[in-house]
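Participant: quick one, structure for this:
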Amino acid sequence: MMLKQFKPSHLAVAALASMVSACSLMPGQTGPDPDKTYQLTVLHTNDHHGRFWHDRKERYGMAARMTLIDDIREEVEEEGGHVLLLSGGDINTGVPESDLQDAIPDFKGMNMLGYDAMAVGNHEFDSPREILKMQESLAEFPFLSANIIDESTGKTLFKPYTMFEKDGLRIAVMGLTTDDTPKATNPENTVGLKFRKPVNVARELVPELEEKADVIIATTHMGHYANAAYGVNAPGDVTLARSVDGIDLIVGGHSQDPLFEPDLQNGAYIVQAHEWGKYVGRADFEYSNGELTLKDYELIPVNHGKGDEKIAADDKMLEMLRPYQEKGQKLVAAKVGNVDQRLMGERAEVRFQPTNLGTLLTQAFMAKTGADFAVKNGGGIRASIEPGEITYKDVLTVLPFGNTLTSVDLTGQQVLDYLNVVALKPTDSGAFAHFSGLEMDITAKGVKNVRIGGEPLNLTKTYKMATLSFSAGGGDNYPNVSKMDSYVDTGFTDADVLREYIEQNSPLMVEKYTPKGVTRL
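Facilitator: Numbering: from 1, shown residues only. Next up is the predicted model:
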């Protein structure tokens, strides 16, 4: 394969300390041989999101990934080199066959692939903590996060880092998780946890440990934002690299970017391999006399590159995963209705503008609760629905998080205060709001001309609002209404509410759900 060539560059020598893994230095070992040149290949993926099985076009999938990774390992080891396989996190949430089985096939697949460590992503908290603990116990590699603190003990919830020794070359891998997590997942699942700012944690750890490792890698779930322009998001990998000296490589995730060339910042190479196992990132380094040099880097497509030879699926991986795929398909195959045109749910749509799918969802919430109006955050809409038959799988793919439908009674003044927060959420963020049941003009300073049910907002009247538990509990920094006396959690999951609405109103005519009544001035 053709690999892009990089000029040699000195990378700072740094490390991490304490909580050393079983792969740590053996007694008597003091570091690398000064007369030896070490070959180190770092392979990486991120934002897997339940894609353990290949898609309909036989792209991606863990079975083809295993063939590719095994071939690379064999090649590198034959040349006397060493391989680390890392994940930038977010293994959970995205495909019903995985979601309905608590990502067990995905973690079993990662074990077979031989992952060495993974960063804990925000979507690891989409399910109750018991599920996450089960997944951690199932994994044969460490979950890493140095900045998630269990407030009951004052200690990190996960292992903050691990260390590897390769013929005397000491490699430290530290995990960091976006401090946006409490607002980017179900807040109930992060109760009792403190998400420290990753930059502050790294500043404390790295200087303490520079003498104990030769290479330091941060595997992170923070996002890559070019030139540190992170906007409404928490700071990401570029900010980390610029703020903390001594990191050699940042294996990232969260923003789901395909970085075809590493972003070099303050001596640290930042890499990210898009999403879903579409690519395996490969970084080939040489280490000699205290210098780490990046020789080659490539994102290798897994059966979706034009003109590339097809990567065969590994039979053992297929054999292990097939029962989970078949079980999952049975769970989601039921038909629930039909639609005449595409319902728009792509990330580039629902985070930037009102869409027909956002309207459909909020109307379904109103129908189930009898609410006067409904609100839905765009980041919770994860896929479109194509014209034709709609299956339960389609519904679960749109709404994979299992949030419950809630309602709350608000005075007109409380409605106005609420809208002055959520309606002003910026585009290009998961907080961008979709509405049904009301009309309003949105300005830079706030909302005006609000009408509910066709009538002007009455500040003393009481209105019922429907929204999901994620937003009601303060997710995406929406106002937390879950503590109000009138708050009701219906217990109905979002996907089941949508399924019921589609069944009752099918065939759906998309024109009926064209967004209207909300104007941005």
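
Participant: does residue 255 count as helix, strand or coil?
Facilitator: Following DSSP: H, G, I helix; E, B strand; the rest coil, residue 255 is assigned to coil.

Participant: spatially nearest residue to the residue most central in space within the chain, not counting backbone neighbours?
Facilitator: The chain has residue 90 as the residue nearest its centroid, 4.2 Å off, counting by C-alpha atoms, centre = their mean. Counting by C-beta to C-beta, 6 or more residues apart in numbering, residue 121 is the residue found nearest to residue 90 once chain neighbours are left out, at 3.4 Å. C-betas here are computed from N, CA, C, even on glycine.

Participant: one step back: test my guess that the residue nearest to the centre of the chain contacts residue 123.
Facilitator: Yes: with contact defined as C-beta atoms under 8 Å, residue 90 and residue 123 form a contacting pair (4.5 Å).

Participant: please look at the residue nearest to residue 90 and residue 256 and confirm they touch.
Facilitator: No: assessed by C-beta under 8 Å, residue 121 is found out of contact with residue 256, at 10.8 Å.

Participant: need the overlap of contacts for these two.
Facilitator: With contacts taken as C-beta atoms under 8 Å, 6 or more residues apart in numbering, residue 121 and residue 256 have residue 47 as neighbours in common.

Participant: residue 420 versus residue 373, what's the distance?
Facilitator: 15 Å (C-beta to C-beta, to the nearest Å).

Participant: these two: which is more packed in?
Facilitator: residue 373 (23 against 16; other C-beta atoms under 10 Å).

Participant: next up, the contacts around that one.
Facilitator: 362, 366, 415, 435-438, 452, 463, 465-466.

Participant: out of those, which are inside helices?
Facilitator: Members of the contacts of residue 373 lying in helices (criterion: DSSP state H): 362, 366, 415.

Participant: most neighbours among these, please name it.
Facilitator: Of the ones in helices among the contacts of residue 373, with other C-beta under 10 Å as the count, residue 362 tops at 26 neighbours.

Participant: that one touches residue 405, doesn't it?
Facilitator: No: judged on C-beta under 8 Å, residue 362 makes no contact with residue 405 at a distance of 11.0 Å.

Participant: so what sits against both of those two?
Facilitator: Counting by C-beta under 8 Å, 6+ apart, the contacts common to residue 362 and residue 405 are residue 466.

Participant: can you give me the helices for the protein?
Facilitator: Counting by DSSP H, the helices of the chain are 62-78, 96-99, 104-113, 129-138, 181-184, 198-208, 237-243, 315-332, 347-350, 356-369, 392-398, 412-422, 469-472, 494-505.

Participant: from the ones you listed, which stretch is densest packed?
Facilitator: Mean neighbour count (mean count of other C-beta atoms under 10 Å) peaks for helix 469-472 among these, with a mean of 26.

Participant: so which other helices or strands are in contact with that helix?
Facilitator: strand 373-377, strand 404-411 (3 or more C-beta pairs under 8 Å, 6 or more residues apart in numbering; DSSP states H and E).

Participant: quick one: closest of those to residue 517.
Facilitator: Residue 517 sits nearest to strand 373-377 of all those, at 10.3 Å, using C-beta to C-beta.

Participant: and the closest one, what's buried?
Facilitator: Applying a neighbour-count criterion of 16 or more other C-beta atoms under 10 Å, the buried positions in strand 373-377 are 373-377.

Participant: quick one: which of those residues is nearest residue 293?
Facilitator: For these, the nearest to residue 293 is residue 377 (44.5 Å; C-beta to C-beta).

Participant: pLDDT score for that closest one?
Facilitator: pLDDT recorded at residue 377 is 97.

Participant: return the residues in contact with it.
Facilitator: Listed by C-beta under 8 Å, 6+ apart, the contact partners of residue 377 are 425, 430-434, 468, 470-471, 475-476, 478.

Participant: could I get the residues you listed as a markdown table with pLDDT?
Facilitator: Formatted as a markdown table, the contacts of residue 377 follow (pLDDT from 0 to 100):
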| residue | pLDDT |
| --- | --- |
| 425 | 95 |
| 430 | 94 |
| 431 | 95 |
| 432 | 97 |
| 433 | 97 |
| 434 | 98 |
| 468 | 96 |
| 470 | 93 |
| 471 | 96 |
| 475 | 94 |
| 476 | 95 |
| 478 | 97 |
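
Participant: distance to residue 224 added to those residues, as CSV?
Facilitator: As requested, the contacts of residue 377 are exported to CSV (distance: C-beta to C-beta, whole Å):
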residue, distance to residue 224
425, 22
430, 17
431, 20
432, 21
433, 26
434, 27
468, 29
470, 25
471, 27
475, 23
476, 21
478, 26
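
Participant: so which of those residues comes closest to residue 182?
Facilitator: residue 475 (8.1 Å).

Participant: how many other residues sit next to the closest one?
Facilitator: 27.

Participant: and the residue nearest to residue 90, how many neighbours?
Facilitator: 31.

Participant: list the contacts of it.
Facilitator: 47, 88-92, 177, 221, 253-254.

Participant: closest to residue 140 out of those residues?
Facilitator: Closest to residue 140, out of all of these and judged by C-beta to C-beta, is residue 91, at 13.7 Å.

Participant: not counting sequence-adjacent ones, nearest residue to that closest one?
Facilitator: With C-beta to C-beta, 6+ apart, the residue lying closest to residue 91 is residue 48, at 4.8 Å.

Participant: can you pull the contacts of residue 366?
Facilitator: With C-beta under 8 Å, 6+ apart as the criterion, the residues that contact residue 366 are 372-374, 436-437, 466.

Participant: the same query, at a cut-off of 7 Å, please.
Facilitator: Contact analysis of residue 366 by C-beta atoms under 7 Å, 6 or more residues apart in numbering lists 374, 436-437, 466.

Participant: excluding sequence neighbours, find me the nearest residue to it.
Facilitator: residue 374 (4.8 Å).

Participant: that neighbour reaches residue 433, doesn't it?
Facilitator: No: using C-beta atoms under 7 Å, residue 374 is not in contact with residue 433, being 10.4 Å away.

Participant: lowest-pLDDT helix or strand in this protein?
Facilitator: In the chain, no helix or strand scores lower on mean pLDDT, DSSP states H and E than strand 4-5, which sits at a mean of 37.
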